[in-house]
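[1] The amino acid sequence is not available; the structure is as follows:
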């Protein structure tokens, strides 16, 4: 039985976890860096511990500091949120060996699915379809050349231990393969301390569809439907919605069946997400699994009524899932926009600074998950995510209308944000029709730049 939880993260997800703990009457302790001393979760938390200076390596990634905080505060569990140590198998293993409940999957689960090449192998064993390509990491330049020739260009190189779009290259021509392979390996080594790369067929204009699952220690697994995460920039998700505008009831059944099959195969427990690519012919291919809570989990919560963070806590406490797959129902539609402190007009340059004015939208079907407040200083040391605007409606049309209204209301003065990009997106026929794809935002931005250049001549 969990008695006290250390929240080992920052920003909106730290606040989200704190709120869930508070509502469940579970005592919690928040850790923070000196740069986050004045953040909203730190202000609200009853008990908190400073674990180091601004650098993530010296604070949120500092395992000895976190273990010391656990010991000093008497916490017997730790919630890593997302990012930082959330998918670090070694840290999860340290917690297990120390008798600390890691609120997430087991270290073995993370190892099985954290390496993308090994995840593909497990998907194949579980009977999931995968894209043509290497099941194991590429060992030699000759192997890369031979495989690329066999499956045909374009191909994509991906870091085996990667995520967040890093260590990834699209190769459209034989002459670019080896230089990009080397660049991808170097980036993977620098970002993930793992130079291994695998290669697979690149699908033009796919949909990125993912399935949220929950699994307990007793073999019960439920799939909470799908999310469409196709609207990205440089492999970073920006807009997500549930359900997907292109997924039929039959497709949803297949996607959820694949997800549950893989989870059963690896003996997974906790919350997790299985990600798929869907091509123009609606062929489904397993891509990867995220063994943690995801940024976009609120859209699934909105259409299912399931509090995924609370369910994570129940599962970590050894409880059985309180509902079955038959009791999961999708109602209405929900859309999430990630609000980043970036300037879309200047190639999405990071925009730290002080929030001089903040007006948060409200009304029916509007949720704003954020750690912002008027006077808060957005630090320059971390990910640029400063909030998530989530809207819902009886159907997608109403959700879109509500999103347009909520974006009109939202005002964040003092830092540049991605809000103007979403206002433009709401005038794009591809987005409004639901017939969008991975790469649409980049295509939209390229056309905008081309039109501006033509007008300036």
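    Arrived safely, thanks for sending. The structure presented is a predicted model; accordingly, all values stated were derived computationally and were not measured.

[2] any idea which residue sits dead centre in this protein?
    Centroid-nearest residue in the chain: residue 294, 4.0 Å away (criterion: C-alpha atoms, centre = their mean).

[3] can you tell me which residues contact that residue?
    Counting by C-beta atoms under 8 Å, 6 or more residues apart in numbering, residue 294 touches 82, 210, 212, 273. Glycine gets a C-beta too; all of them are placed from N, C-alpha and C.

[4] got the phi/psi numbers for it?
    phi -110, psi 160 (degrees, to the nearest 10).

[5] Let me know the pLDDT of it.
    pLDDT recorded at residue 294 is 97.

[6] what separates it from residue 427, distance-wise?
    For residue 294, the distance to residue 427 equals 28 Å [C-beta to C-beta, to the nearest Å].

[7] can you check residue 211 too?
    Computed as C-beta to C-beta, the residue 211 to residue 427 distance reads 30 Å.

[8] who has more neighbours, these two?
    Neighbour totals were compared for residue 211 and residue 427, and residue 211 leads with 25 against 10 (other C-beta atoms under 10 Å).

[9] Distance of that one relative to residue 323?
    17 Å.

[10] still on that earlier bit, who wins for neighbours among the contacts of residue 294?
    Within the contacts of residue 294, most neighbours by other C-beta under 10 Å means residue 212, with 28 neighbours.

[11] Quick check: pLDDT value at it.
    With respect to pLDDT, residue 212 scores 98.

[12] Shouldn't residue 43 be within a strand?
    No: read with DSSP: H, G, I helix; E, B strand; the rest coil, residue 43 is helix and lies in no strand.

[13] can you pull the pLDDT of it?
    Confidence at residue 43, expressed as pLDDT, is 97.

[14] Equivalent analysis for residue 430, please.
    For residue 430, the predicted pLDDT is 96.

[15] Grab the nearest non-local neighbour of it.
    residue 436 (4.6 Å; C-beta to C-beta, 6 or more residues apart in numbering).

[16] Mind checking the pLDDT average for stretch 361-378?
    97.

[17] By mean pLDDT, flag the weakest helix or strand of the protein.
    Lowest by mean pLDDT, DSSP states H and E among the helices and strands of the chain is helix 440-456, with a mean of 84.

[18] Show me what counts as buried in that helix.
    The neighbour-count check on helix 440-456 (16 or more other C-beta atoms under 10 Å) flags 440-441, 444-445 as buried.

[19] can you check stretch 152-168 too?
    Buried residues in stretch 152-168, defined by neighbour count with 16+ other C-beta under 10 Å: 155-163, 166-168.

[20] Okay, domains of the protein per the record?
    5-103, 132-201, 207-450 (automatic domain parsing).

[21] how about residue 208, secondary structure?
    Three-state assignment for residue 208 (three-state DSSP): strand.

[22] Spell out the residue ranges of the strands in the stretch 201-350 of the chain.
    207-215, 221-233, 236-242, 270-278, 284-290, 333-340, 342-343, 349-350 (DSSP state E, counting those that start in this stretch).

[23] how about these, which one is nearest residue 181?
    strand 284-290 (19.7 Å; C-beta to C-beta).

[24] How far off centre is the closest one?
    When distances are taken as C-alpha atoms, centre = their mean, to the nearest Å, strand 284-290 is centred 13 Å away from the chain's centroid.

[25] likewise stretch 240-251?
    18 Å.

[26] now swap in stretch 56-74 and tell me
    Between the centre of stretch 56-74 and the centre of its chain there are 24 Å (C-alpha atoms, centre = their mean).

[27] pLDDT (mean, whole number) over it?
    97.

[28] and what of stretch 25-33?
    Across stretch 25-33, pLDDT averages out at 98.

[29] All the helices of the stretch 1-150 of the chain, residue numbers only.
    Taking DSSP state H, counting those that start in this stretch, the helices of the stretch 1-150 of the chain run over residues 11-23, 40-44, 63-73, 89-97, 107-114, 116-125, 141-151.

[30] tell me the mean pLDDT for the last one?
    This predicted structure assigns helix 141-151 an average pLDDT of 93.

[31] what number of residues lie near residue 435?
    With other C-beta under 10 Å as criterion, residue 435 counts 12.

[32] quick one: secondary structure of it?
    Of the three states, residue 435 takes coil according to three-state DSSP.

[33] contacting residues around residue 222?
    213-215, 260, 321, 323-325, 328.

[34] Just flag the most distant two among those residues.
    Comparing every pair within those by C-beta to C-beta identifies 260 and 323 as the most remote, at 14.5 Å.

[35] and residue 124, which of the domains of the chain is closest to it?
    Nearest of the domains of the chain (C-beta to C-beta): domain 132-201, 6.3 Å.

[36] mind checking how far stretch 275-285 is from the chain centre?
    Here the centre of stretch 275-285 is set off from its chain's centre by 19 Å, with C-alpha atoms, centre = their mean.

[37] which among the buried residues of helix 440-456 gets closest to residue 317?
    Nearest member of the buried residues of helix 440-456 to residue 317, counting by C-beta to C-beta, is residue 441, at 40.0 Å.

[38] So the closest one sits against residue 425, correct?
    Yes: assessed by C-beta atoms under 8 Å, residue 441 is found in contact with residue 425 at 7.3 Å.

[39] Overlap in contacts, the two.
    Residues touching both residue 441 and residue 425 (C-beta under 8 Å, 6+ apart) are residue 231.

[40] Let's have the helices of the stretch 1-150 of the chain in TSV, adding mean neighbour count.
    TSV is the format used below for the helices of the stretch 1-150 of the chain (neighbours: other C-beta atoms under 10 Å):
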stretch	mean neighbour count
helix 11-23	22
helix 40-44	18
helix 63-73	17
helix 89-97	18
helix 107-114	22
helix 116-125	19
helix 141-151	15
